[in-house]
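*Asks:* sequence-free structure coming up:
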């Protein structure tokens, strides 16, 4: 008869094996922010990527789909549906690009400008809430360091 060794019982989880990993910490931070973001953007019916696309259009009148894809790292087929949805909602419109006859410039509509300015104010407030444990200097440093990870 073989004697079985009882499984150890742990009272505290040792997460040190993952807590030193950049990806783990970045993902945990992103999940904390995104959860609050989804709640606060629900009244505006904007997902994180919709918010990013619409904000870039608002602040860069005439931006092209190609420029959006490049800036956000989105594949063109994935952007098409987002642009169509924002356009159907009356938040953005397309106009012929002044120097590229094959492209359209994207512009926020009057309704889009109003909604997006409100959504951006809500996004700034939520950033303050989720980063409340950071000083202004720490927050700037964190953003600078995160950008170094994903930018060339």
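*Replies:* Happy to help now that I have it. Please read these numbers as outputs of a predicted model, since none were measured by experiment. Numbers count the residues shown, from 1 in each chain.
*Asks:* C-alpha only now, for contacts and for neighbours.
*Replies:* Will do.
*Asks:* What residues sit buried inside stretch 124-138?
*Replies:* Buried positions in stretch 124-138, judged by neighbour count with 16 or more other CA atoms under 10 Å: residue 126.
*Asks:* and that stretch, how far apart are its ends?
*Replies:* 16 Å (CA to CA, to the nearest Å).
*Asks:* Work out the gap between it and the centre of the chain.
*Replies:* Distance, stretch centre to chain centre, for stretch 124-138: 16 Å (CA atoms, centre = their mean, to the nearest Å).
*Asks:* what's the model's confidence in it, averaged?
*Replies:* Mean pLDDT, computed over stretch 124-138, is 94.
*Asks:* What are the buried residues along the host helix or strand of residue 143?
*Replies:* Counting by DSSP states H and E, the element that carries residue 143 is helix 136-150. By neighbour count with 16+ other CA under 10 Å, helix 136-150 contains the buried residues residue 139.
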